[in-house]
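>>> coords below, sequence missing:
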Ligand SMILES: Nc1ncnc2c1ncn2[C@@H]1O[C@H](COP(=O)(O)OP(=O)(O)OP(=O)(O)O)[C@@H](O)[C@H]1O
């Protein structure tokens with residue numbers, strides 16, 4: 001195991017997870033990452049990439065066939081008694097008795113914890129106070145998700161494991177969930193979450209890993225992940241100008257050269273400042289206006305699509 005056992009809240013080291021026996025399907029194929037204390041680490045990936053399978057290993061619900069997991073320094077499956085009181089878990093299926101009310105569900109769950117938050121406080125955190133007397137079966141999908149979240153934070157966990165916590169939430173509820181997660185982070189809670197919302201990862205994550213086909217294909221801070229991908233400059237080609245009349249632009253390539261004068265043109269560049277400088281001085285010299293000019297770095301979504309398309313992903317240590 002690495003020497004950072006004291007600083008990392010979660011350590012995942014070269015884990016493998018196979019379903020269906022020794023010759024079955026290997027869903028997780030040598031994944032490694034660390035979640036430092038107090039940070040939010042996001043696991044992104046295509047459908048079936050192995051995010052939930054990895055999350056279940058961290059939750060201690062199953063053992064990896066190879067590799068190691070440590071949560072707060074313990075094996076979460078073997079040392080369950082040491083780990084579980086300090087970890088809040090929200091997986092994809094809540095599975096609560098449908099005939100209990102929201103308040104009864106929280107009370108039942110609180111009964112299994114040593115130092116639970118007051119039920120009202122937990123429901124307030126997820127904006128469900130006014131649904132306390134409603135039966136679980138009558139909740140909407142988004143309200144059930146919020147109940148899952150209330151239960152995950154009920155025991156004042158030091159580490160929170162959230163598997164797609166905001167799937168099915170409307171935009172306002174999603175933002176409320178982000179606010180809650182940020183306040184937990186401010187209190188020093190460590191969060192590992194999976195999400196399909198790249199904007200969510202960009203908003204919340206200190207660091208992230210992108211999984212594809214059971215391995216980590218990119219890892220780092222959101223800025224590090226997008227840094228390796230080209231920026232984009234768009235503008236409307238001035239009247240009378242075709243793409244071949246543009247000057248040579250350092251580090252750049254047009255997305256398409258079949259653009260007529262007056263039409264929108266997109267240029268990809270690995271050297272945004274140099275390309276833009278050259279383009280603007282050319283426009284100045286020729287006294288033409290680049291209407292609708294926009295320049296922006298790659299988004300996490302562009303980086304995600306690029307690495308998810310990668311045919312031969314390499315494992316990366318986060
Ligand atoms: N119990 C199981 N038995 C057999 N195969 C399984 C089992 N659970 C998951 N898998 C397979 O393992 C692979 C990884 O699944 P997993 O749920 O970990 O992916 P994921 O990244 O969370 O996907 P999604 O984004 O769609 O939720 C998938 O191909 C899935 O079909």
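Yep, it's here. Predicted, not measured: the structure shown is a model, and the values here were computed from it.

>>> contacts and neighbour counts: CA atoms only from here.
Noted.

>>> how close does the residue nearest to residue 18 when sequence neighbours are not counted sit to the ligand?
In this structure, residue 18 finds its nearest non-sequential neighbour in residue 26, 4.0 Å apart by Cα to Cα, 6 or more residues apart in numbering. Using Cα to the nearest ligand atom, to the nearest Å, residue 26 is found at 7 Å from the ligand.

>>> how far away is the nearest residue in space to residue 260 that is not next to it in sequence from the ligand?
Ranked by Cα to Cα, 6+ apart and with sequence neighbours excluded, the top spatial neighbour of residue 260 is residue 242, at 6.0 Å. When Cα to the nearest ligand atom is the yardstick, residue 242 and the ligand sit 44 Å from each other.

>>> near the ligand, which residues of this structure?
Residues of the chain lying close to the ligand (Cα under 6 Å from any ligand atom) are 19, 27, 45-53.

>>> One more pass at 8 Å, please.
18-20, 25-28, 44-55, 194-196, 211-214 (Cα under 8 Å from any ligand atom).

>>> what about the strands in the stretch 1-150 of the chain?
8-19, 25-36, 40-45, 66-71, 87-90 (DSSP state E, counting those that start in this stretch).

>>> thinking again about what came up before, drop anything exposed from the residues of the chain next to the ligand.
Buried members of these, counted by 16 or more other Cα atoms under 10 Å: 18, 26-28, 44-46, 49-55, 194-196, 211-214.

>>> quick one on the thing from earlier: so which of the strands of the stretch 1-150 of the chain is nearest residue 223?
Residue 223 lies closest, by Cα to Cα, to one member of the strands of the stretch 1-150 of the chain: strand 40-45, at 13.6 Å.

>>> before we move on, back to that, close enough to count as contact, the residue nearest to residue 260 and residue 259?
Yes - the pair residue 242 / residue 259 is scored as a contact, 7.0 Å apart, by Cα atoms under 8 Å.

>>> okay, and the common contacts of the two?
Taking Cα atoms under 8 Å, 6 or more residues apart in numbering as the contact criterion, residue 242 and residue 259 have no common neighbours.

>>> Specify the angle between the worst-scoring helix or strand of the chain on mean pLDDT and strand 40-45 in degrees.
Within the chain, no helix or strand scores below helix 300-308, which has a mean of 85 by mean pLDDT, DSSP states H and E. Orientation of helix 300-308 against strand 40-45 (axes from the mean of the first three to the mean of the last three Cα atoms, to 10 degrees) gives an angle of 50 degrees.

>>> what sits up against helix 300-308?
Residues contacting helix 300-308 (Cα under 8 Å, 6+ apart): 45-46, 198-199, 202, 210, 212, 217-218, 222, 225-226, 229, 313.

>>> Can you get me a residue count around the spatially closest residue to residue 107 that is not a sequence neighbour?
In space, and not counting its chain neighbours, residue 107 is closest to residue 119: 6.8 Å by Cα to Cα, 6+ apart. For residue 119, the neighbour count with other Cα atoms under 10 Å is 21.

>>> residue ranges with poor pLDDT in the stretch 101-250 of the chain?
By pLDDT under 70, the stretch 101-250 of the chain contains no weakly predicted segment.

>>> Mind jotting down where the helices sit in it?
102-110, 119-125, 141-154, 171-186, 198-204, 222-227 (DSSP state H, counting those that start in this stretch).

>>> Could you identify which of the ones you listed is most buried?
Across these, averaging neighbours per residue (mean count of other Cα atoms under 10 Å) puts helix 141-154 on top, at a mean of 23.

>>> And that helix, how far out from the chain middle?
Here the centre of helix 141-154 is set off from its chain's centre by 18 Å, with Cα atoms, centre = their mean, to the nearest Å.

>>> can you tell me which of the strands of the stretch 1-150 of the chain the model trusts least?
Comparing mean pLDDT across these, the lowest value falls on strand 87-90: a mean of 94.

>>> Which residues outside it are in contact with it?
59, 148-149, 151-163, 165.

>>> got it, and stretch 209-218?
So stretch 209-218 is in contact with 26-33, 41-46, 48-51, 219-220, 225, 304, 307-308, 313-318, going by Cα under 8 Å, 6+ apart.

>>> same thing with stretch 121-129?
Residues external to stretch 121-129 that are found in contact with it (Cα under 8 Å, 6+ apart): 120, 132, 143, 146-147, 149-151, 153-154, 176-177, 180.

>>> tell me how far the ends of it are from each other?
9 Å (Cα to Cα, to the nearest Å).

>>> Likewise for stretch 193-213?
Using Cα to Cα, the span of stretch 193-213 from its first residue to its last is 18 Å.

>>> from the chain's centre, how far out does that stretch sit?
2 Å.

>>> What of stretch 261-276?
29 Å.
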